[in-house]
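1. Mind looking at a prediction? Sequence and model below.
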Amino acid sequence: MPNRWDGFASIRQNQIESGKDLTFSKVFLPYYNDLVKELCPESLLEVGCGTGHLSVNICSNISTAVAIEPSEGMYAVAEQVVKESCVQLFCLRVEEYRCPHPFDLIISHMVLQLVDNLDLFIESVANFMEKESQFVFAIPHPCFYNNYKLFFDSSEYKYMCEIKKTISFSITNDPNKIISGVPYCHRPLSQYFSVLKKFGFYVVDFKEIFPDQEIQSLYGVDWKFPRYCVFHAQRKKGNPVLKKANNSSF
């Protein structure tokens with residue numbers, strides 16, 4: 001239900017451009033910039049680009065950069081954000097996107113916890129990958145995030161169960177701007193590994209995000225555990241899903 005984010009696009013734009021969103025500017029933007037420097041991709045696809053700021057900030061040395069975003073409100077903001085860049089922007093869900101070529105790097109930042117059908121999302125991403133492609137996605141750490149945000153009370157939270165809920169939240173440096181009525185899905189880590197395996201992926205790296213003390217001090221409180229984690233996945237050679245995709249007419 002991507003339209004639930006439509007009314008919060010301007011808030012997110014302000015939080016990112018003002019630097020209030022520390023997690024974006026101090027934690028993940030450096031992470032993705034380092035990733036691009038390491039992998040040197042010639043093509044990039046961002047799935048669920050939101051306001052477009054991440055794609056714009058990491059695309060400068062990439063020949064082909066595509067960003068897709070299903071929320072019309074977020075897309076409207078992203079159109080302005082990416083207009084002076086090389087990023088091609090589409091208002092689509094990943095399962096609706098068609099492209100005649102695979103991408104070297106596919107990223108999806110803080111999206112998969114919003115996705116209702118994880119299998120369909122991962123299967124769709126697989127269609128844009130070849131053997132050397134990497135799919136990198138960040139999510140709230142399933143082991144710890146509920147201890148931090150308390151989205152689920154003790155009577156409803158069971159770590160090993162998939163649990164969906166409509167939530168409200170704010171960020172540390174902008175506590176009065178409440179983003180409400182958006183979906184959130186807790187899934188155990190093993191479910192992410194299982195779905196990736198089901199569609200021919202294998203995990204080449206897994207990072208638990210725990211910034212150094214200097215960055216933590218900006219939040220005004222020490223982190224007690226990693227709040228986020230990042231999967232880096234590739235696909236096995238000769239996977240039938242990829243062969244099917246390559247034979248499709250786009």
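-> Yep, that arrived. Everything quoted here is computed from the prediction, not taken from an experiment.
2. for the lengthiest strand in the chain, which positions count as buried?
-> Looking across the chain with DSSP state E, the single longest strand is strand 174-186. Neighbour counts using 16 or more other Cβ atoms under 10 Å place 179, 182-186 of strand 174-186 among the buried residues. Just so you know, the C-beta spots here come from the backbone N, C-alpha and C atoms, and that holds for glycine as well.
3. distance of the most centrally placed residue in the chain from residue 101?
-> Central residue of the chain (Cα atoms, centre = their mean): residue 109, 1.8 Å from the mean position. Using Cβ to Cβ, to the nearest Å, one obtains 22 Å as the distance from residue 109 to residue 101.
4. out of everything not next to it in sequence, what's closest to the residue nearest to the centre of the chain?
-> Spatial nearest neighbour of residue 109, excluding adjacent residues (Cβ to Cβ, 6 or more residues apart in numbering): residue 138 at 5.2 Å.
5. contacting residues for the one you found?
-> 28, 31, 108-110, 209, 228-230 (Cβ atoms under 8 Å, 6 or more residues apart in numbering).
6. ok, which stretches of the protein are helices?
-> Along the chain, counting by DSSP state H, helices occupy 9-17, 22, 29-39, 53-58, 72-82, 118-126, 145-149, 189-198, 213-218, 240-246.
7. where among those is the average confidence lowest?
-> Ranked by mean pLDDT, the helices of the chain bottom out at helix 240-246, with a mean of 44.
8. which one of the buried residues of strand 174-186 is nearest residue 198?
-> residue 185 (17.4 Å; Cβ to Cβ).
9. what about the closest one, distance to residue 9?
-> Residue 185 sits 21 Å away from residue 9, going by Cβ to Cβ.
10. doesn't residue 221 make contact with residue 148?
-> No - between residue 148 and residue 221 there is no contact under Cβ atoms under 8 Å: 10.5 Å.
11. ok so, going back, of the contacts of residue 138, which belong to strands?
-> Reading strands off the contacts of residue 138 with DSSP E, I get 108-109, 209, 228-230.
12. Could you export the residues you listed as CSV, including pLDDT and distance to residue 16?
-> Formatted as CSV, the ones in strands among the contacts of residue 138 follow (pLDDT from 0 to 100; distance: Cβ to Cβ, whole Å):
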residue, pLDDT, distance to residue 16
108, 98, 17
109, 98, 12
209, 98, 18
228, 98, 16
229, 98, 21
230, 98, 19
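13. between the residues you listed, which is closest to residue 61?
-> Residue 61 lies nearest to residue 109 out of the ones in strands among the contacts of residue 138, by Cβ to Cβ, at 18.9 Å.
14. Looks like the closest one contacts residue 53 (just checking).
-> No - counting by Cβ under 8 Å, residue 109 stays clear of residue 53, with 10.0 Å between them.
15. Run a quick neighbour tally on the nearest residue to residue 7 once chain neighbours are set aside.
-> Using Cβ to Cβ, 6+ apart and skipping residues adjacent in sequence, the residue nearest residue 7 is residue 73, 6.2 Å away. The local packing of residue 73 (other Cβ atoms under 10 Å) involves 19 other residues.
16. Could you do residue 205 as well?
-> For residue 205, using other Cβ under 10 Å, the count is 12.
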